[in-house]
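# sharing a model that was predicted from the sequence below.
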Amino acid sequence: MIQKILILAAFLISGLTSAAQNDYLESDAEDVEKTYIGGESYEVKTFSQNFKAKKPKNVILFIVDGMSLPHLHAGLTANKGSLFLTNFKYMGLATTHSANKYITDSAAGGTALSTGQKTTNGAIGVDVNKKPIKTILEEAEEKGLATGLVSTSSITHATPASFIAHQESRNMYEEIAADFLKTDIDVFIGGGYKHFTERKDGRNLVEELTQKNYRVEQDINTIKNIKNGKLAGLTASEHNGRMDERGDMLPVATSTAINILSNNKKGFFMMVEGSQVDWGGHAGSTIYVVEDMLDTDRAVGKALEFAAQNKQTLVVVTSDHETGGMTILEGNYETGMVKGEFTTGGHTGIMVPVMAYGPGAEQFTGFMDNTDIPKKIRKLLIGN
């Protein structure tokens, strides 16, 4: 028990910024973390459902890592019955198994969502034979669209890495960082600064990014004022911390990326990951799940605000897998109280929600596999 308390204390204080890439898997919440007692709610806008065409010019894909219906409902309850996500009128469910396991990890789940192909657990942007698969982000680049990635984790972590890197192991962080230099991605914002600078091969990828005309910044308050050009926002040495440390980094980074990418007259594709709902599930912490569901929802609100005004942008929200086997034992819409319970400290095979808003949103209804999601996006955005 004493050891568990010490682990939890270190986990809460550090916010994961000084932890190793996978330390979030080692956390274990006490009963005090199982109940979110409630807090201040935020106002949610209702957006117009009128759009300019049947196909989008821009696509914003949100991956809420670890989310299934209980996590979503926990967020809805905590914000007293209202979320930006309730603007989504077209909804479906997706299966998430990998090529070799009923229970996927984030690498295989991310690769399925980025390429439309199944792969083995642990693999990043490669097929079952370890051969690279072109991602939807890379295809968008080839069509002249602007591209971007945003994450509250390290930008080299499994989910964002799956859209830009091709490595046989998700743990090859330095190799994944080097893969960014092989692309023309316009904007990426997340942690992972050390994987670009403190490297075994001696390369300084920040210097190389600068030579490729990227503006490299670490302070989100500086990043949020950038309106154009190429941007590498590396906001933490490894992962960004929990909400009490990182603040509104995700909504701010989402808005910043949209502002920059929308300068491209041909359109854009971007992926935004709310990484740490997954970590709350691993920790068995309702509090952690709720705070990151609400943080991601506010980021979704920024995307919806742009999409409603632009009228040419498709916003899709889904997850790579469920984490924690979460259920809700009690709640209160008036106070925002949520009492959760978790059946596992790992992932499960439960289906995940798929939600869509904008031109082409009607394509994302019913039962589907996670590989269907990028195929639908590709057909709508790229045309093949």
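Yes, it's here.
# what's near enough to touch the residue lying closest to Val64 once chain neighbours are set aside?
Leaving aside its chain neighbours, Val64 sits nearest to Gly274 (4.6 Å; criterion: C-beta to C-beta, 6 or more residues apart in numbering). Quick note: C-beta positions are derived from backbone N, CA and C, even for glycine. When contacts are counted by C-beta atoms under 8 Å, 6 or more residues apart in numbering, Gly274 touches 62-65, 67, 152, 250, 292-293, 295-296, 299.
# helix or strand for the nearest residue to Leu181 once chain neighbours are set aside, which one?
In space, Leu181 comes closest to Glu208 once its chain neighbours are excluded; the distance is 5.7 Å by C-beta to C-beta, 6+ apart. Counting by DSSP states H and E, the element that carries Glu208 is helix 205-211.
# let me know the pLDDT of Ala10.
The predicted local distance difference test score for Ala10 is 37.
# state the pLDDT value of Asn22.
Reported pLDDT at Asn22 in the predicted model: 71.
# torsion angles phi and psi at His71?
Reported as degrees, to the nearest 10, the phi and psi values for His71 are phi -60, psi -40.
# what's the burial count for it?
Here the number of neighbours of His71 (other C-beta atoms under 10 Å) works out to 30.
# does it touch Trp279 like I think?
No. Between His71 and Trp279 there is no contact, the gap being 11.8 Å when judged by C-beta atoms under 8 Å.
# show me what contacts Thr348?
Taking C-beta under 8 Å, 6+ apart as the definition, contacts of Thr348 comprise 103, 321-325.
# determine which two of those residues are furthest apart.
When those are compared pair by pair using C-beta to C-beta, the farthest-apart members prove to be Ile103 and Gly324, with a separation of 12.4 Å.
# which parts of stretch 52-71 are buried?
Going by neighbour count (16 or more other C-beta atoms under 10 Å), the buried part of stretch 52-71 is 56-71.
# who's Met355 bridged to?
Listed by DSSP bridges, the beta-bridge partners for Met355 are Met91, Val317.
# hmm, it is touching Phe364, no?
Yes. Contact criterion C-beta under 8 Å: Met355 and Phe364 qualify, at 7.3 Å.
# quick one: common contacting residues for the two?
Both Met355 and Phe364 are in contact with 90-91, 316, where contact means C-beta under 8 Å, 6+ apart.
# narrow those residues to just the buried residues.
90, 316.
# as JSON lines, the shared contacts of Met355 and Phe364 with distance to Leu261 and pLDDT would be great.
Listed next are these as JSON lines, based on distance: C-beta to C-beta, whole Å; pLDDT from 0 to 100:
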{"residue": "Tyr90", "distance to Leu261": "23", "pLDDT": "98"}
{"residue": "Met91", "distance to Leu261": "26", "pLDDT": "98"}
{"residue": "Val316", "distance to Leu261": "16", "pLDDT": "98"}
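# so which of the shared contacts of Met355 and Phe364 comes closest to Leu83?
Using C-beta to C-beta, Met91 comes nearest to Leu83 of the shared contacts of Met355 and Phe364, at 13.1 Å.
# tell me the contacts of that closest one?
If you count contacts by C-beta under 8 Å, 6+ apart, Met91 has them with 353-356, 364-365.
# for Thr152, same thing?
190-191, 239-240, 246, 249-250, 273-276, 292, 295 are the contacts of Thr152 under C-beta under 8 Å, 6+ apart.
# how does it look with 7 Å?
By C-beta atoms under 7 Å, 6 or more residues apart in numbering, the contact set of Thr152 is 240, 246, 249-250, 273-276.
# what sits closest to Lys52 if chain neighbours are left out?
Distances taken as C-beta to C-beta, 6+ apart place Lys311 nearest to Lys52, at 4.4 Å, with adjacent residues excluded.
# Lys118 too?
Taking C-beta to C-beta, 6+ apart, and ignoring the residues beside it in sequence, Lys118 has Ala99 as its nearest neighbour in space, at 3.9 Å.
# just checking, the one you found touches Thr120?
Yes. With contact defined as C-beta atoms under 7 Å, Ala99 and Thr120 form a contacting pair (5.2 Å).
# which of those two has more neighbours?
Neighbour tally, Ala99 and Thr120, criterion other C-beta under 10 Å: the higher count belongs to Thr120, 20 against 16.
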